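[1] curious how this folds, go ahead:
(chains A and B)
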Amino acid sequence: MSSSSSPSSRMVADMPGGKCSLRRGKEKRKKRVLSIPLSLQVDEEKCRHIRKQYRRLMHTVQEQRDDIVHTASDLLTEALQEADELFDSVSRTREAALDAQFLVLASDVGKEKAHQLNADMCVFNQAAFRGLLLVFAGLHGLEEKRPDLGHCDELVARTFWEQVHRKATPWMLRAETFHFVFGSFRPEPSARKPRQRKRVQRPDEGARDMPTKLRAGDLCSDQVTTEMEVERILGLLQTYFRQYPDTPVPYFEFVVDPNSFSRTVENMFYVSFIIRDGFARIRLDQDRLPILEPINMNQMEEENDPGYHGRKQGVISLSLQDWKNIVATFEISEAMITSS
Amino acid sequence: MQSSARRTGVMTDVHRRFLQLLMTHGVLEEQDIQRLQKHCYMVHDRNATVEKLEDFINNINSVLESLYIEVKKGVTEDNGRPIYALVNLATTPVSKMASDFAENELDLFRKALELIVDSESGFASSTNILNLVDQLKGKKMKKKEAEQVLQKFVQNKWLIEKEGEFTLHSRAILEMEQYIRETYPDSVKMCNICHSLLIQPFSFQGQSCETCGIRMHLPCMAKYFQSSPEPHCPHCNDYWPHEIPEVFNQEKEKEREEAGFSKSSKKSLRSRQQ
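    Numbering: from 1, shown residues only, chains lettered A, B, ... in the order given. Model prediction:
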């Protein structure tokens, strides 16, 4: 190993020019003292040696990779220790990069080695375990004849469990703990309602409640209301037509209640009954807006059969926003259908 | 600390072994307890005289007093056998940490307890208990799980099952008596004779007076009417219509068992008498 005090001629071969000249300059021109701090006086020979060591290490590890991975050798650990020692004398990035390269290689090899290790422990051989268990319980002969206890008769199975129990108990040296229930409740948040103390009484036969009899009117109450409403609205419509004959009323003006969306929907519902029963009809006028028209009683006999006009079905859907828009567009200020 | 007015007893290994064995079983009949005591003496102290059971247990209780644990003596409700159980007496921060049962399981026990106490017969049908499973605190429990939990209670001797209906085991009655009296003061039933908690007032024979409605334990009734040829209700003096059961007698039980065995072999008879 060449030290810094060796003659400059030896360092000529692989020296970057600048430093070589510095050294030569130092020796030749002793008067000119260049104040170079010691840390900068890198020993090229030393660095080369370090690099050489690193490369040798890497080469060794690569060569013996198979060995390291498959055998339980300490080669990897030794190589790492050597690299550790080498790193102490590293002072430049060039060597540090080599060190990093070596570490990457070493960790790859280490990972392979670890994988090897895991693979050996993963396997659980069920059949072997079963056999061992039977031997443990003292039932040797069963291994070949009956592979699983499901086919064994009751007595053998029970003997097996008793044996296991007997043999396994001494391995669990633990005394029973104190089992209790009182005191393990969390406190009840609500108090119970005070209950009446029941007195022993003969149940009275007569005072039992009869189930409430259903009155005839109760069941059809809803339908009655609907019918009444429909009739009322029909009456309103016909009154309107009597007042203003031959002017069909715009559907929306008739139906919409500017103050209540739910009322509007109800009105549409009742008007649909009127149309279904044939007392009015709905069609589009020149502006493609729906209008309601009455059907005269005379017309009813001729035109009321379903085939005549080719009755169609329509579905009107109305959202809250639509309703608001309609109220604004048609400038509806008050409902035509007043509530009774 | 308590004054030395009551002398705290000293526990030897005999006592300790006895206590640990009692802990394992939870509740034991008097016969078994006596055998257990003798066994403990055998193991540790062959030559010592076997202490009287009452003093033995009082000794243990005096040591356990500071922990609020006690070996309580009680009587089973259906046939009057004396039993001993190790019970917890107080709710302490430590007792609240008990991990035998989960929170929802304890809540199930509490609801079952409520149903049993409220019922007329002291039995709660499993359907009624299972219907309450939705209202339990803690983790949601399925009905199938609840059935298994109820079986766990039966195994650990907290509940007894009879034809699909559940009632409290004597162990639970001994431990929970105070709790039941405090929590359900209106619906709890008391025996007219011994003035303690009554869970099963009606059994197959029926033990309530028809006219005045007082109730009593089956064994209490047996003892009360033991000597009288014509039984009368103690409260209203009416004629007592029901059949009087026999009083449970330890000696008679032994004799009956021995008589049963004498036919088999004399050897077993000798071993029984020991």
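
[2] residue ranges in the stretch 151-274 of chain B under the pLDDT threshold?
    Regions of the stretch 151-274 of chain B meeting the criterion pLDDT under 70 cover residues B:202-213, B:240-246, B:248-254, B:256-257, B:260-274.

[3] so which bits of it are right by chain A?
    By Cβ under 8 Å from any Cβ of the partner chain, the residues of the stretch 151-274 of chain B that approach chain A are B:156, B:158, B:172, B:175-176, B:178-179, B:183-184, B:186-187, B:208, B:213. C-beta coordinates here come from the backbone N, C-alpha and C atoms, glycine included.

[4] which among these end up buried?
    With neighbours counted by 16 or more other Cβ atoms under 10 Å in any protein chain shown, those contain buried members at B:156, B:158, B:172, B:175-176, B:179, B:183-184, B:187, B:208.

[5] how about the residues you listed in CSV, adding secondary structure?
    Below are these laid out as CSV (DSSP: H, G, I helix; E, B strand; the rest coil):
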residue, secondary structure
B:Asn156, coil
B:Trp158, coil
B:Ala172, helix
B:Glu175, helix
B:Met176, helix
B:Tyr179, helix
B:Thr183, helix
B:Tyr184, coil
B:Ser187, coil
B:Ser208, strand
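
[6] pLDDT wise, what is A:Gly141 at?
    For A:Gly141, the pLDDT comes out at 59.

[7] pull the contacting residues for A:Leu234.
    Residues counted as contacts of A:Leu234 (Cβ atoms under 8 Å, 6 or more residues apart in numbering or on different chains) are A:274, A:279-280.

[8] kindly export the strand or helix carrying B:Val149 (C-alpha atoms) in CSV.
    Secondary structure assignment for B:Val149, by DSSP states H and E: helix B:143-155. Extracted in CSV, the C-alpha atoms of helix B:143-155 (Å, rounded to 0.1, in the frame of the first residue of the first chain):
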residue,chain,number,x,y,z
LYS,B,143,-81.2,-16.7,17.9
LYS,B,144,-79.1,-19.8,17.4
GLU,B,145,-76.2,-18.3,19.3
ALA,B,146,-78.7,-17.4,22.1
GLU,B,147,-79.7,-21.0,22.3
GLN,B,148,-76.1,-22.0,22.7
VAL,B,149,-75.6,-19.3,25.3
LEU,B,150,-78.5,-20.6,27.3
GLN,B,151,-77.0,-24.1,27.2
LYS,B,152,-73.8,-22.7,28.4
PHE,B,153,-75.7,-21.2,31.4
VAL,B,154,-77.2,-24.6,32.1
GLN,B,155,-73.8,-26.3,31.9
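
[9] residues in contact with it?
    Contacts to helix B:143-155, defined as Cβ under 8 Å, 6+ apart, come from residues B:101, B:105, B:108-109, B:112, B:126, B:129-130, B:133, B:141, B:159-161, B:166.

[10] now the buried members of those.
    B:101, B:105, B:108-109, B:112, B:126, B:129-130, B:133, B:141, B:159-160, B:166.

[11] residues near A:Trp323, how many?
    For A:Trp323, the neighbour count with other Cβ atoms under 10 Å in any protein chain shown is 18.

[12] now secondary structure and neighbour count too, for the contacts of A:Leu234, in TSV please.
    As requested, the contacts of A:Leu234 are arranged in TSV below (DSSP: H, G, I helix; E, B strand; the rest coil; neighbours: other Cβ atoms under 10 Å in any protein chain shown):
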residue	secondary structure	neighbour count
A:Ile274	helix	21
A:Phe279	coil	17
A:Ala280	strand	22
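
[13] farthest-separated two in the contacts of helix B:143-155?
    B:Met141 and B:Ile160 (21.6 Å; Cβ to Cβ).

[14] what sits closest to the residue nearest the centre of chain B if chain neighbours are left out?
    The centroid of chain B falls nearest to B:Ser170 when counting by Cα atoms, centre = their mean (2.2 Å). Nearest residue to B:Ser170, sequence neighbours excluded (Cβ to Cβ, 6 or more residues apart in numbering or on different chains): B:Thr76, at 4.7 Å.

[15] one more: A:Phe136?
    Nearest residue to A:Phe136, sequence neighbours excluded (Cβ to Cβ, 6+ apart): A:Lys167, at 6.7 Å.

[16] ends of stretch B:164-174, what's the gap?
    Terminal residues of stretch B:164-174 lie 23 Å apart, using Cα to Cα, to the nearest Å.

[17] in the helix holding B:Val149, which residues are buried?
    Buried positions in helix B:143-155, judged by neighbour count with 16+ other Cβ under 10 Å: B:146, B:149-150, B:153.

[18] same question, stretch B:72-83
    By neighbour count on 16+ other Cβ under 10 Å, the buried set for stretch B:72-83 is B:72, B:74-78, B:80-83.

[19] and of those residues, the nearest to chain A?
    B:Lys72 (11.3 Å; Cβ to the nearest Cβ).

[20] residue contacts, that closest one?
    So B:Lys72 contacts B:84-87, B:174-175 (Cβ under 8 Å, 6+ apart).
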